[in-house]
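Colleague: kindly generate the corresponding structure for this input.
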Amino acid sequence: MINNHISLKEKSIVFIGFMGVGKTTVGQLVAKKLFRSFIDIDQVIEKEYNMPTSQIFKLIGEKAFREKEKEVISHYCTQKLKIISLGGGAFLQKETRDICLKNCIVFHLDASWKSWKERINILIDSRPVLQGRSLEQIEELFSERQDIYSLHHSKLNTDNHDVEEIADYIIESLKLAWELYD
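Modeller: Residues are numbered from 1 along each chain as shown. Predicted structure coming up:
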């Protein structure tokens with residue numbers, strides 16, 4: 001289902017980017033400031049399975065997890081006025097990308113490798129895709145995903161910016177777009 005008939009102001013906003021770049025943190029703040037509902041796709045799936053993503057990966061495997069993820073994303077992306085944070089690997093699926101790009105405003109939150117790797121110690125245990133990989137393999141994964149993340153409506157580098165600055169910039173960008181294009 002494609003909701004291109006929804007006004008630009010009512011379209012849901014999707015945050016994409018590599019794991020740990022701040023999609024959930026920024027998304028929650030943008031949702032609060034815009035008085036919208038916030039949806040973290042991984043949290044929705046974790047709640048349904050009553051376990052963390054790392055355990056879901058072990059229990060049903062990545063392929064089944066990605067199918068469930070696509071189903072949940074499809075559900076929320078066709079609704080109005082949501083702020084949606086996708087897991088780092090969700091946008092790798094073409095169908096998921098297409099649903100997001102056609103129905104929502106997609107923001108790519110980006111970070112440099114140098115900035116991102118400073119966060120690795122707080123991320124490694126909770127991210128199943130990182131487990132068992134060397135730093136070089138993680139950097140390769142980081143680089144590989146940049147092409148996929150380049151498919152978006154807007155991009156913002158989060159290096160050296162705090163959450164408040166990022167959220168305010170996004171909101172100002174949206175307001176300008178709403179004035180210009182709606």
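Colleague: for the record, mean pLDDT for stretch 117-125?
Modeller: Confidence for stretch 117-125, expressed as mean pLDDT, is 76.
Colleague: which residues touch it?
Modeller: Residues outside stretch 117-125 that contact it (C-beta atoms under 8 Å, 6 or more residues apart in numbering): 19-20, 54, 130-131, 135, 138-139. For the C-beta atoms, the positions are set from N, CA and C on the backbone; glycine is no exception.
Colleague: may I see the PyMOL selection of the buried members of the residues you listed?
Modeller: The buried subset of those, as determined by 16 or more other C-beta atoms under 10 Å, is captured in PyMOL by this line:
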select buried, resi 19+20+54+130+138
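Colleague: which pair in the contacts of stretch 117-125 has the greatest spatial separation?
Modeller: The distance between the two most remote of these (C-beta to C-beta) is 20.9 Å, for Ser54 and Glu139.
Colleague: how about the strands of the chain, start to end?
Modeller: 12-16, 37-40, 82-85, 104-110, 154-157 (DSSP state E).
Colleague: show me the helices in this protein, by range?
Modeller: 23-34, 41-49, 53-77, 94-103, 113-117, 120-123, 135-149, 163-181 (DSSP state H).
Colleague: quick check: angle from the third one to strand 104-110?
Modeller: Here helix 53-77 runs at 140 degrees with respect to strand 104-110, directions being taken by axes from the mean of the first three to the mean of the last three C-alpha atoms, to 10 degrees.
Colleague: now the last one
Modeller: Angle of helix 163-181 versus strand 104-110, following the same axes, to 10 degrees, is 140 degrees.
Colleague: neighbouring contacts of helix 163-181?
Modeller: By C-beta under 8 Å, 6+ apart, helix 163-181 touches 8-9, 13, 22, 25-26, 29-30, 33-34, 105, 107, 109, 154, 156, 158, 161.
Colleague: which of those count as buried?
Modeller: Applying 16+ other C-beta under 10 Å to these flags 13, 22, 25-26, 29-30, 34, 105, 107, 109, 156, 158, 161 as buried.
Colleague: the one helix or strand in the chain whose mean pLDDT sits lowest: which residues count as buried?
Modeller: Using mean pLDDT, DSSP states H and E, helix 120-123 stands out as the lowest-scoring helix or strand of the chain, at a mean of 74. For helix 120-123, burial by neighbour count (16+ other C-beta under 10 Å) applies to Leu123.
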